[in-house]
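Colleague: 3D model of this:
(chains A and B)
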Amino acid sequence: MSNNVETFYQVMRRQGITRRSFMKYCSLTAAALGLGPSFAPQIAHAMETKQRTPVIWLHGLECTCCSESFIRSAHPLVKDVVLSMISMDYNDLLMASAGHQAEAALETSMENHKGNYILAVEGNPPLNEDGMFCISGGKPFIEKLKKAAEGAKAIIAWGSCASWGCVQAARPNPTQAVPIHKVITDKPIIKVPGCPPIAEVMTGVITYMLTFDRLPELDRQGRPKMFYSQRIHDKCYRRPHFDAGQFVESWDDENARKGYCLYKVGCKGPTTYNACSTVRWNEGISFPIQAGHGCIGCSEDGFWDQGSFYDRLTSINQFGIEENADTVGMTAAGVVGAGIAAHAAVSAIKQTTQRKKTEEEQNS
Amino acid sequence: MSSILNASQLDASGRRVVVDPVTRIEGHMRCEVNVDDQNIIRNAVSTGTMWRGLEVILKGRDPRDAWAFVERICGVCTGTHALTSVRAVEDALDIDIPYNAHLIRHLMDKTLQVHDHIVHFYHLHALDWVNPVNALRADPRKTSELQKMVSPSNPKSSPGYFSDLQNRLKKFVSGGQLGIFANGYWDNPAYKLSPEADLMAVAHYLEALDMQKDIVKIHTIFGGKNPHPNYLVGGVACAINLNDTGSAGAPVNMNSLNFVLQRIKEAQAFVEQVYLPDVLAIASSYKDWLYGGGLASENLLSFGTYTQTPGDKSTDLLPAGAIVNGNWDEVLPVDVRDPEQIQEFVSHSWYSYADETQGLHPWDGVTEPNFELGANTRGTRTNIEQIDESHKYSWIKAPRWRGHAMEVGPLARYIIAYASGREYVQEQVNRSLSAFNQNTGLNVGLKPFLASTLGRTLARALECQYCADTMEDDWHALVNNIKNGDTATANTEKWEPSTWPKEAKGVGINEAPRGALGHWIKIKDGKIDSYQAVVPTTWNASPRDNEGNIGAYEAALLNTPMERPDEPVEILRTLHSFDPCLACSTHVMSPEGQEITQVKIR
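Modeller: Numbers count the residues shown, from 1 in each chain, chains lettered A, B, ... in the order given. Okay, here's the model as predicted:
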């Protein structure tokens, strides 16, 4: 991407600013920052050469769990991301300025980096009440979102709100909150779902883009394949217990203490595409299943409206259990349960058959 | 400084200043003030600018699932709504949880408190006091001396440490891309720290960023992830297995308990060596800035938290109570079930009641959104330039306790605990006050010291210390209980809805990082019939009520002089001292028969 990125200097020249004025700007910047005139050439050099990729990070209707997750990143450390890898030009959670100065920072970045910034969106826009269920700067958030999307080179939909709609879009969706691809239709959107996404998945997506100068490969639903192409079930450390037909039957029973499979108490790991069982959470310390609670499927579209989190996945159209997200495609999470129930049964039967065989072999 | 608590006493004739968006908060908020010809704030208007309708969404769902929905009210105070929700359901269904679950929930709740307070101070609040650009002028050797003076036990204090950091900072700004520091108010005289103190604080901003990701790992052990760890009605899902088959793969084992203890000790060290000394150093540098008290000197509310003996609220480490009319000598009892005590009003909120002169208790709450601007609004319906606060002006309702607007939060908890004679708290507060007076040569009394923006920020730090310290007690209690043979973590007697009464109602309460939190639930035929949350920021960011009583944000901003009204440093400073959480405050329920207003879809 950097090949296409104009430096700050090039942008200024394009806007008709002379070299002389540019150098003056650098001196003024140096002075404003308290650096003294000797820093002016350094500033000029930086502006003429490589830039940190500008990121504009907007918040719509959301709970800020995505930002909170992002700052948990351990590799890379988020301070290194923000200080050395990107330029977080607008992020109303972290930025120093407020009100019109904040809005001016947004305008400046959109103007100076038109076509070159990454737009990261956390949350989503509500359509009801003329968009005024989410107001920013006195105006509907959706206006800000659309405007920022116009000049973006790439758009990241952080979390399940921006990707799918998430909790405020759960039935009956009183504000008519919609995922951002419903209102931005002319740009590629990288969906990084989860409530929230794993920190290292978030920084992993960004650093991949910066390091390899390209967008990550996406599945048909727009999710990076590197993190969302396998189910939690596929790599779950409790999977052998599933295959052996060993299940937690109720909370805190003997099997819960032994770390058996949580499928019967509602685990949605078998239908959830995410990296929780591989990357794990918070520097790889654990993940929901390891902590004894089933997966609630928070990275899947419409996971709030698929029945209770404690209902066992059951009975719908089957698909081959080894299919991947691409072939399952747009099928909602709720319609993929049956294979699992069958799979669980088959696994248990297989296990029994296997055991019998072994016993027979031993006896013979 | 006497407090003005009623809108009728406010003077809106001066210049109007609008701040929208208010940044470094959770969610979306707008603030407008009027300043007089001396640039002193004489009128303040707090507007919540988002609404999500979560409780509407909860209706008809499985009460055992509610925690996950309401947890998504807020990802900053993550877990506190989930905990309050499972408590509400357990209260409604009369479920007692095992003692281990009680302790593990405390550990998780205090983890949140410690984390949230640290992130708030360094990443949301510090830039109101600290000027990172000024840090470029610092002498790293003098910074090192300063660090050793304010916190002798802090090992990260060498001149090299600070000069490396300063070089990195120089490199960052000399690139011309200021990122999150762009358009800050760096030449505003409201910033008072020396370059050396600024550099020290910037170092700690970055250290806190590293530290915060580690303390939350306690949630990861017990709840599987952070943000948004998992909770369970009836106890906790993390089964205990110390010494039996499968222990290594069990949620709570020797390994994970050791891990948790290690994180607790790190948190204690950070609070002792970095956070508390920083807050005291900043307070001393801003000794003349004892503004921002507002309701803190008058009306305070806490639901109490950290019950030592399950079921006995009198054993709360931070007790429940209410203080009204500035009488800090009397703490009144609070009953969250009493329909006369907590009521919400909507005369200045974007909702409709049949009779807006009346307030409604959360169990009987009504919410119909009604986005309607007053006649004196400047701009248009979708481009508001100036709010008309004489009419409806916020997505936040106005909760009142016996008719009083109340301040909630760490400062309210601390003043109520102090007034209730809690020795640990009294000792912490007295020590801080005498350090402040000693450092500054002043002789400030307890009330003006605590009832201020600085007092609010200090109370949060002291509470962080209290939580980090007592987490270790909880850890030992947990280990002792296991040692005594109790490994139970969940009570599943009433897990199945078939065991529930046809109708039930309950309330769950907690003290969230930002203050008193209550969830009121009604269950009917195994499903949620109504659900209402009254959250800390609803109290603090409250708009006016029909009597003209102003909320805590509005009251706190009054009488504060601004250096430059165009640059809202002082407004941000005081608002941030409450740690606003707007996604929390602006969501409501619609009980049976009350349809949400249908509005057009574009």
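
Colleague: hey, let's count contacts and neighbours off CA atoms from now on
Modeller: Fine.

Colleague: quick one, helices of the stretch 401-550 of chain B?
Modeller: For the stretch 401-550 of chain B, the helices defined by DSSP state H, counting those that start in this stretch cover B:410-419, B:423-440, B:446-450, B:453-483, B:536-540.

Colleague: from the chain's centre, how far out does the first one sit?
Modeller: The chain centre lies 14 Å from the centre of helix B:410-419; the measure is CA atoms, centre = their mean, to the nearest Å.

Colleague: Count the neighbours of the residue lying closest to B:N443 once chain neighbours are set aside for me.
Modeller: What sits nearest to B:N443 in space, not counting adjacent residues and going by CA to CA, 6 or more residues apart in numbering or on different chains, is B:N437, at 5.6 Å. Close neighbours of B:N437, defined as other CA atoms under 10 Å in any protein chain shown, add up to 16.

Colleague: what sits against the closest residue to chain B within the stretch 151-300 of chain A?
Modeller: Closest residue of the stretch 151-300 of chain A to chain B, CA to the nearest CA: A:P288 (3.6 Å). For A:P288, the contact set (CA atoms under 8 Å, 6 or more residues apart in numbering or on different chains) comprises A:276, A:294-295, B:220, B:223-225, B:229-230.

Colleague: rerun at 7 Å
Modeller: For A:P288, the contacting residues are A:294-295, B:223-225, by CA atoms under 7 Å, 6 or more residues apart in numbering or on different chains.

Colleague: Against chain A, how distant is the residue nearest the centre of chain B?
Modeller: The centroid of chain B falls nearest to B:R514 when counting by CA atoms, centre = their mean (1.7 Å). Between B:R514 and chain A the distance is 15 Å, computed by CA to the nearest CA, to the nearest Å.

Colleague: Name the residues that touch stretch B:516-529?
Modeller: Stretch B:516-529 is contacted from outside by B:58-63, B:84-85, B:88, B:302-303, B:362-363, B:408-409, B:497, B:502-511, B:530-536, using CA under 7 Å, 6+ apart.

Colleague: What is the burial count for B:P227?
Modeller: 35.

Colleague: What residues does the stretch 301-450 of chain B have near chain A?
Modeller: Selection of the stretch 301-450 of chain B residues close to chain A by CA under 7 Å from any CA of the partner chain yields B:382-385.

Colleague: Which of these fall in strands?
Modeller: In this view, those that belong to strands under DSSP state E are B:383-385.

Colleague: buried sites along stretch A:212-228?
Modeller: Residues of stretch A:212-228 classed as buried: A:215-216, A:218-219, A:221-228 (neighbour count, 16 or more other CA atoms under 10 Å in any protein chain shown).

Colleague: Would you format these as a markdown table with secondary structure and pLDDT included?
Modeller: As requested, those are exported to a markdown table (DSSP: H, G, I helix; E, B strand; the rest coil; pLDDT from 0 to 100):
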| residue | secondary structure | pLDDT |
| --- | --- | --- |
| A:L215 | coil | 93 |
| A:P216 | coil | 95 |
| A:L218 | strand | 97 |
| A:D219 | coil | 96 |
| A:Q221 | coil | 95 |
| A:G222 | coil | 97 |
| A:R223 | coil | 98 |
| A:P224 | strand | 97 |
| A:K225 | helix | 97 |
| A:M226 | helix | 96 |
| A:F227 | helix | 97 |
| A:Y228 | helix | 97 |
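
Colleague: which residues sit against stretch B:371-383?
Modeller: Outside stretch B:371-383, the residues touching it (CA under 7 Å, 6+ apart) are A:132, A:138-140, B:350, B:384-388, B:390-393.

Colleague: again, only this time at 10 Å
Modeller: With CA atoms under 10 Å, 6 or more residues apart in numbering or on different chains as the contact definition, stretch B:371-383 has outside contacts at A:129-133, A:135-140, A:143, B:348-352, B:384-395.

Colleague: Next: stretch A:77-87.
Modeller: With CA under 10 Å, 6+ apart, stretch A:77-87 has contacts from A:51-56, A:70-76, A:88-89, A:109, A:117-118, A:199-200, A:203, A:206-207, A:210-211, B:168-169, B:171-173, B:177-180, B:205-207, B:209-210, B:213.

Colleague: Helices of the stretch 101-250 of chain A, start to end?
Modeller: Assigned by DSSP H, counting those that start in this stretch, the stretch 101-250 of chain A shows helices spanning A:141-150, A:159-163, A:199-212, A:225-228, A:239-243.

Colleague: Tell me how far B:I41 lies from B:E32.
Modeller: In this view, B:I41 and B:E32 are 10 Å apart by CA to CA, to the nearest Å.

Colleague: what residues are shared contacts of those two?
Modeller: B:16-17, B:571.

Colleague: before we move on, back to that, for the residue nearest to the centre of chain B, what are its contacts?
Modeller: The neighbours of B:R514, taking CA under 10 Å, 6+ apart as the test, are B:77, B:113, B:116-117, B:408-412, B:460, B:535-537, B:539-540, B:578-581.
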